[in-house]
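> Sequence and predicted structure, then a few things I'm wondering about:
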There are 4 protein chains.
Amino acid sequence: MKEKMMDTIIELFGKKGFQGTSIQDIVEANGVTKGTFYYYFKNKEDVLVHIHQSFIDHLLEGQEKIITNEDLSNCEKLNRIVELLIHNIRTNGHSALVFFQEMRHLSEEKTAIILPKRQQFQENIQKVLEEGMKAGEFKKDLRADMLSYAVLGMANWSYFWYEPDGEVNEESLTDLYMQMIFKGIEEETNDH
Amino acid sequence: MKEKMMDTIIELFGKKGFQGTSIQDIVEANGVTKGTFYYYFKNKEDVLVHIHQSFIDHLLEGQEKIITNEDLSNCEKLNRIVELLIHNIRTNGHSALVFFQEMRHLSEEKTAIILPKRQQFQENIQKVLEEGMKAGEFKKDLRADMLSYAVLGMANWSYFWYEPDGEVNEESLTDLYMQMIFKGIEEETNDH
Amino acid sequence: MKEKMMDTIIELFGKKGFQGTSIQDIVEANGVTKGTFYYYFKNKEDVLVHIHQSFIDHLLEGQEKIITNEDLSNCEKLNRIVELLIHNIRTNGHSALVFFQEMRHLSEEKTAIILPKRQQFQENIQKVLEEGMKAGEFKKDLRADMLSYAVLGMANWSYFWYEPDGEVNEESLTDLYMQMIFKGIEEETNDH
Amino acid sequence: MKEKMMDTIIELFGKKGFQGTSIQDIVEANGVTKGTFYYYFKNKEDVLVHIHQSFIDHLLEGQEKIITNEDLSNCEKLNRIVELLIHNIRTNGHSALVFFQEMRHLSEEKTAIILPKRQQFQENIQKVLEEGMKAGEFKKDLRADMLSYAVLGMANWSYFWYEPDGEVNEESLTDLYMQMIFKGIEEETNDH
DNA sequence: GATGAATGAGACTTCATTCAT
DNA sequence: TATGAATGAAGTCTCATTCAT
């Protein structure tokens, strides 16, 4: 029951926003009464916390597997992290929307739990970039911090426009993006 | 007066969100009464529309100047568009936040006005990419559409984390980003 | 079990009031579930009735023993009734609080049972005063009805402020009060 | 308007208790809407605070006039304070009820304002008793603290039963009570 | 004897908005 | 140009209670 409600709520939050979704909306969408909602959840924020928790935990877990895999080059690691992000956004679009847009409505207390995890994810990307620079896979003297944000922005922004059922599937999209990130878009001239 | 109120409201919307900001908040922040608010604005959405309008109009205007400037290469045009975006986000952070996060709360009618302008901005980037490809500035066979989103994501995402007073100024940030977009981050081997 | 719950509930009602105490509060304080509460009690009022019943029954019983004891003067009877009251308030403070403050929340039907008993207690005091007047123990021409209320007020009010562990024990307090009631506080002059 | 509402609310609180009175009850009794209530009052507690404030302030003010009047003996002062109390309870019965029964529902913060005033009133009575003892008006070695509570209890209890339109008016009631307090009820024997 | 899922009414409160002045 | 009294719908949440197990 709780699971079923969570799914519905994620969809509602995704479509109408956290504040734009009333308890009334929630219980109507689930065919239950208000009492039932408050039987399963402490309050509306409680649901928001659950969504954030499981979204970022899922991401961190996936990321962890990638960065601790010693068989992978840093190049490949970066590739897979971007793939992970895009895949996640495609599969859990509404969760992603909530995650990126509704952080504001977490209480200070809950933010203190979620925010560090978000930062962890970014720092892990930064670390991959740094390792790759050391290993000679990436150019020296890059700003790993800024670039990690660029990578994140590029991937995350896809929740705004990416149509999972469109002509470009997620693997292709990842490839496209990684091509740009690795090789750039400029036509290579032969004067070097 | 209206201008003064607009500024305060943008800040409030930026900090607390559109739905999170009550008329009460607005009039208190301005030291006026509710009547005054409704003297100057039709309703709350009215303000939101103003913010969206002027933000996107300002961007489109800037973009227009860049793309119609025949002295510029497409490379340079892209560079300047990114600079425009980052500059705008830095200078009008709250407006940017509202623009990117509160579109949902526009009525259908108003969305019909704003949304095409947003798309216009993206399409203009796409067009620069396409022209650049034709002109041999960019690699052939790039997906101009997807890449335009990548560029937008990268730039826009900066409103989440970019600290205007931090160690990296906006020109450097633009350079960093353009370096990656143009040349990529991979260490060039000499086997080509 | 029922007894154990009653004790907890009395304390809760005393501290937070009848309406201020929720079934949730009750079952939490007892480490049981709501179902359990309704297994033992018909509803919340049911508990309130029990509390009132046993409090007033206990008082009336004690009072009965005193007033039917033919060895006692009316003076002594009054003394013992006041002692009974103060002792009861000291020992069952929370019950007393509930008894004096939460009568309002009894249904009409239940009020019809409890109220006459309360009045009985007051009338019994009144009767002792009247008997004492007839017997020449008390001054003639007193208003026994009004004075019975005075005695009740004085004694009952102690539930507001009396600290059982304070420097004055209940016997001393009774003595103090009876001294005032019997002899008054005015300095006796010898001009009579 | 606010005044009019206050009066109605006092009556409602008096009859049904603070928690037993809903905002719905209040606005219905006043023929206005809920919005109107919240236009005039911050919340329900706000009204309760007002009631407490004005009740105790009124009492303290009256008491102040009495105890600072140097023409009065302490005997007379005590008499007048009791009269003040009984008069107040008679005239503002509902306020008195609220004052004595609904203190619990004040927030800690507001209690911190009201409670000291209540204690002030009691201490002022105590002081009159002490002064009277020093002046030889009252017996030596009385417990002024305990007796002040007795006097308060006696007078305050009248809100439970005193019928303003009954056969005993407030002056007579005060006299009755003062007679008891001053002279006691015991028949004086001539063996002293 | 005891549970816990579910209810639905109703609690307090906030809100955007109107309108006579 | 600005006010402030008034609205009523809708918001979040709590509550006493029931009932199948």
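Nice, thanks for sending it over.
> and A:Asp46, how far is that from chain C?
17 Å (C-beta to the nearest C-beta, to the nearest Å). In this view, the C-beta of every residue, glycine as well, is placed from N, C-alpha and C.
> the bottom helix or strand of chain A by mean pLDDT?
Scoring the helices and strands of chain A by mean pLDDT, DSSP states H and E places helix A:158-161 at the bottom, with a mean of 84.
> Other residues contacting that helix?
Helix A:158-161 is contacted from outside by A:86, A:89-90, A:93, A:96-97, A:100, A:173, B:149, B:153, using C-beta atoms under 8 Å, 6 or more residues apart in numbering or on different chains.
> Report the rounded mean pLDDT for the helix or strand that that helix is followed by.
The helix or strand immediately downstream of helix A:158-161 is helix A:170-183, counting by DSSP states H and E. Rounded to a whole number, the mean pLDDT of helix A:170-183 is 88.
> and helix A:170-183 with helix B:170-183, angle?
110 degrees (axes from the mean of the first three to the mean of the last three C-alpha atoms, to 10 degrees).
> that older thread, tell me the buried residues in the least confident helix or strand of chain A?
A:158-160 (16 or more other C-beta atoms under 10 Å in any protein chain shown).
> Spell out the residue ranges of the helices in chain A.
A:2-16, A:23-30, A:34-40, A:44-67, A:74-91, A:93-101, A:108-134, A:144-156, A:158-161, A:170-183 (DSSP state H).
> Okay, now the unreliable bits of chain A?
The model of chain A has pLDDT under 70 over residues A:189-192.
> Would you mind listing what in it touches DNA strand E?
A:1, A:32-36, A:38-40 (C-beta under 7 Å from any atom of the strand).
> List buried residues within those residues.
The buried subset of the residues of chain A next to DNA strand E - by 16+ other C-beta under 10 Å - is A:Val32.
> Next, format the residues of chain A next to DNA strand E as TSV and append distance to A:Ile26.
Shown next, in TSV, are those (distance: C-beta to C-beta, whole Å):
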residue	distance to A:Ile26
A:Met1	13
A:Val32	9
A:Thr33	11
A:Lys34	9
A:Gly35	12
A:Thr36	10
A:Tyr38	11
A:Tyr39	13
A:Tyr40	11
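> mind checking how far the nearest residue to A:Glu11 once chain neighbours are set aside is from chain D?
Nearest-residue entry for A:Glu11: A:His94, 5.2 Å, with adjacent residues in sequence omitted and distances by C-beta to C-beta, 6 or more residues apart in numbering or on different chains. Using C-beta to the nearest C-beta, we find A:His94 at a distance of 35 Å from chain D.
> what's the most distant pair in the residues of chain A next to DNA strand E?
The most widely separated members of these are A:Met1 and A:Lys34, with 14.8 Å between them, by C-beta to C-beta.
> before we move on, the earlier item: put together JSON lines for the helices of chain A, with distance to C:Arg80 on each row.
Formatted as JSON lines, these follow (distance: least, C-beta to C-beta, whole Å):
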{"stretch": "helix A:2-16", "distance to C:Arg80": "62"}
{"stretch": "helix A:23-30", "distance to C:Arg80": "59"}
{"stretch": "helix A:34-40", "distance to C:Arg80": "53"}
{"stretch": "helix A:44-67", "distance to C:Arg80": "58"}
{"stretch": "helix A:74-91", "distance to C:Arg80": "80"}
{"stretch": "helix A:93-101", "distance to C:Arg80": "71"}
{"stretch": "helix A:108-134", "distance to C:Arg80": "58"}
{"stretch": "helix A:144-156", "distance to C:Arg80": "82"}
{"stretch": "helix A:158-161", "distance to C:Arg80": "81"}
{"stretch": "helix A:170-183", "distance to C:Arg80": "89"}
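> Was I right to think A:Met154 contacts B:Ser148?
No. Applying C-beta atoms under 8 Å, one finds A:Met154 not in contact with B:Ser148, separated by 11.4 Å.
> Between those two, which has more neighbouring residues?
A direct count of neighbours by other C-beta atoms under 10 Å in any protein chain shown for A:Met154 and B:Ser148 places A:Met154 higher, at 26 against 23.
> The residue most central in space within chain A and D:Leu97, how far apart?
The residue lying closest to the centre of chain A (C-alpha atoms, centre = their mean) is A:Leu85, at 5.2 Å. In this view, A:Leu85 and D:Leu97 are 65 Å apart by C-beta to C-beta, to the nearest Å.
> how does chain A divide into domains?
Chain A breaks down by automatic domain parsing into domains covering A:1-41, A:44-183.
> Quick check: end-to-end length of the first one?
Between the start and the finish of domain A:1-41 there is a gap of 12 Å, counting by C-alpha to C-alpha, to the nearest Å.
> if we can go back for a sec, which of the domains of chain A is buried the deepest?
domain A:44-183 (a mean of 18; mean count of other C-beta atoms under 10 Å in any protein chain shown).
> partner residues bridging the closest residue to A:Phe182 other than its chain neighbours?
Excluding its sequence neighbours, the residue lying closest to A:Phe182 (C-beta to C-beta, 6+ apart) is B:Glu186, at 4.2 Å. Taking DSSP bridges as the rule, B:Glu186 bridges to A:Phe138.
> contacting residues for B:Glu186?
A:75, A:137-139, A:182-183.
> same thing with A:Lys140?
Contacts of A:Lys140 by C-beta under 8 Å, 6+ apart are A:133, B:187.
> Try it again at 6 Å.
A:Lys140 makes contact with A:Met133 under the criterion C-beta atoms under 6 Å, 6 or more residues apart in numbering or on different chains.
> backbone phi and psi for it, please?
Phi and psi for A:Lys140, reported as degrees, to the nearest 10, are phi -70, psi 160.
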